[in-house]
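1. Please find the sequence and the predicted model below.
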Amino acid sequence: MFESLTDKLQNVFDRLGKRGLLTEADVDAALREVRLALLEADVNYKVVKDFVKRVRERTVGLEIHRKLSPAQQVVKIVHEELVTTLGEPGKLDLGKQPPHVIMLVGLQGSGKTTAAAKLALKLREGGKKPLLVAADTYRPAAVKQLETLGRQVDITVHSEGVEPPPPKICANALKVARKGAFDVVIMDTAGRLQIDDNMMRELEAIKRETRPVEVLLIADAMTGQEAVNVALGFHERVGLTGLILTKVDGDARGGAAISMRSVTGVPIKFLGVGEKVDALEPFYPDRLASRILGMGDVLTLIEKAESSLDQEEAQKAAEKLLEGEFNLEDFLQQLRQIKQMGPISQLLEMVPGFRGVSKEVSPEMTDRELCKVEAIINSMTRQERENPRIINASRKRRIARGSGTQVQDVNALLTQFRQMQRMMKQLTSGKGKGLLRLLGM
């Protein structure tokens, strides 16, 4: 989402990096570019003005740290002030006495119903027993959608159709939650195309009936400046406690994410980073700031790996790799686990210094290449996967036909696999053993 903003800021810092000591004129010129980049990214004007002022006050007359160049120190200050603007990490406050009620509000089309299911799944992974409530009676498809999502992730959904008034449905859901020993009740309320008084009165009635510990606004990050006005409108009427930004993986300019926390004073708690039900990340301002500045996000990458990869299988694969017994069957299993972590282009952006690589490789191309490799290996017999040396010319032609690829694609895969095997043999013999011991392998 922040690609355009990241590119513009990166250009500013690259130009600073070519200078020695920075003068006040250099700083002013750079900050003008930063201001323009933020405004073009849809960041609120007052937020930009305050942000640039803070950076300038810290940068002018800066005592240069011996280990950092002037340009690096400016980047460090911009990063720190960006973190300050984004606010503290927003954690859910679930109170003391269950069931804890979470009320989701937002405009129609913001991704509220999907966000409800994502949040329920995230809470269940944390050991909670959530109950989803279909309280959007104005859009019959919303009730069916929530029921479908509930079945998909095996989470109970309380729905009463579209006839009863939403405050009554939510009050009944609370009774069901107490009887069923549910820890958390997540209410998917109705939205409109724009804020209106009838919707707000209904939300106020639901809040009186259920007394939620959290009132979370589901805000579409692609809405731009309007998202800030929407957040202020809801906050004035129902008292927001947090924000969930959806469609963060889209091609929006990203200004809403930077502006909303500062303008409303309400913390961002989660980011929706994809369409899948598990695509919900806790919000960490320092990590988002690093991604905006093109610094990568190693911590989120590690967490993705820990949640997606089977640690026992990964350990077995590593041992086989070091012993020279790693075959194409093992490679296929590892490939499938990596695909579960998300698009390769997104993963590359999280690796410091790899942003340029991720820009050169389109998401469609990387995913297509992975699918091609998977199709080729799937077209092999088990014997061929376990012992690729037996794959002769006729077998290659059969594998290519079965996978819808060319013989040269099969050759390329086998060549890369042999190169990997040779590299591991070098590492596990002679001087390589000392290096592996240093790496803890």
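-> Noted; the coordinates are in hand. Keep in mind the model is a prediction, meaning the values are calculated, not measured. Residues are numbered from 1 along each chain as shown.
2. The residue nearest to R54 when sequence neighbours are not counted: what's it in contact with?
-> Counting by C-beta to C-beta, 6 or more residues apart in numbering, R54 lies nearest to E81, which is 5.1 Å off, once chain neighbours are set aside. For every residue, glycine as well, the C-beta is placed using N, CA and C. Under the criterion of C-beta atoms under 8 Å, 6 or more residues apart in numbering, the neighbours of E81 are 51, 54-55, 58.
3. residue ranges with poor pLDDT in the stretch 51-200 of the chain?
-> 61-72 (pLDDT under 70).
4. how does it look with 80?
-> Applying pLDDT under 80 to the stretch 51-200 of the chain flags the ranges 59-76, 89-90, 95-96, 140, 193-194.
5. Strands of that one, start to end?
-> Remark: strands assigned in the stretch 51-200 of the chain by DSSP state E, counting those that start in this stretch are 100-105, 130-135, 157-158, 184-189.
6. Include distance to V277 and mean neighbour count when you put those strands into CSV, please.
-> What follows is the strands of the stretch 51-200 of the chain, written out as CSV (distance: least, C-beta to C-beta, whole Å; neighbours: other C-beta atoms under 10 Å):
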stretch, distance to V277, mean neighbour count
strand 100-105, 15, 25
strand 130-135, 12, 27
strand 157-158, 13, 22
strand 184-189, 13, 28
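7. how about TSV for those, with distance to T415 added?
-> Converted to TSV, these look like this (distance: least, C-beta to C-beta, whole Å):
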stretch	distance to T415
strand 100-105	52
strand 130-135	49
strand 157-158	51
strand 184-189	51
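8. Which one, of those, ends up nearest to G272?
-> strand 100-105 (12.1 Å; C-beta to C-beta).
9. centroid residue for the protein?
-> The chain has V273 as the residue nearest its centroid, 3.8 Å off, counting by C-alpha atoms, centre = their mean.
10. In the contacts of E81, which residue is surrounded by the most others?
-> Most neighbours among those, by other C-beta atoms under 10 Å: F51, with 23 neighbours.
11. Looking at the strands of the stretch 51-200 of the chain, which is nearest to S290?
-> Of the strands of the stretch 51-200 of the chain, nearest to S290 by C-beta to C-beta is strand 100-105, at 28.5 Å.
12. for the closest one, packing partners?
-> helix 112-125, strand 184-189, helix 197-210, strand 214-220, helix 225-238 (3 or more C-beta pairs under 8 Å, 6 or more residues apart in numbering; DSSP states H and E).
13. Kindly compare burial across those and name the winner.
-> Among these, the stretch with the highest mean neighbour count (mean count of other C-beta atoms under 10 Å) is strand 184-189, at a mean of 28.
14. And it, what does it pack against?
-> Packing partners of strand 184-189 (3+ C-beta pairs under 8 Å, 6+ apart): strand 100-105, helix 112-125, strand 130-135, helix 166-179, helix 197-210.
15. closest to R382 out of these?
-> That would be, of those and by C-beta to C-beta, helix 112-125, which comes in at 34.5 Å.
16. now H235: how far from P166?
-> 20 Å (C-beta to C-beta, to the nearest Å).
17. again with V157
-> 15 Å.
18. Same check on G90?
-> Relative to P166, and taking C-beta to C-beta, G90 is found at 26 Å.
19. repeat for L203
-> 9 Å.
20. shared neighbours, these two?
-> T189.
21. hmm, back to that, what I need now is the helices and strands packed on strand 100-105 written out in TSV, including distance to V43 for each item.
-> Shown next, in TSV, are the helices and strands packed on strand 100-105 (distance: least, C-beta to C-beta, whole Å):
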stretch	distance to V43
helix 112-125	23
strand 184-189	29
helix 197-210	27
strand 214-220	15
helix 225-238	9
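22. Pipe the contacts of E81 into JSON lines and attach distance to D220 per row.
-> JSON lines is the format used below for the contacts of E81 (distance: C-beta to C-beta, whole Å):
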{"residue": "F51", "distance to D220": "23"}
{"residue": "R54", "distance to D220": "28"}
{"residue": "V55", "distance to D220": "29"}
{"residue": "R58", "distance to D220": "33"}
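23. Mark which of those residues are part of helices, please.
-> 51, 54-55, 58 (DSSP state H).
24. how much space between the closest residue to V78 other than its chain neighbours and V157?
-> With sequence-adjacent residues excluded and distances taken as C-beta to C-beta, 6+ apart, V78 is closest to V55, at 5.8 Å. In this view, V55 and V157 are 47 Å apart by C-beta to C-beta.
25. A205 too?
-> Applying C-beta to C-beta to A205 and V157 gives a distance of 22 Å.
26. again with L94
-> Distance from L94 to V157, by C-beta to C-beta: 20 Å.
27. Now do the contacts for the residue lying closest to L149 once chain neighbours are set aside.
-> In space, and not counting its chain neighbours, L149 is closest to A117: 3.8 Å by C-beta to C-beta, 6+ apart. Going by C-beta under 8 Å, 6+ apart, A117 touches 132, 146, 149-150, 152-153, 155, 277.
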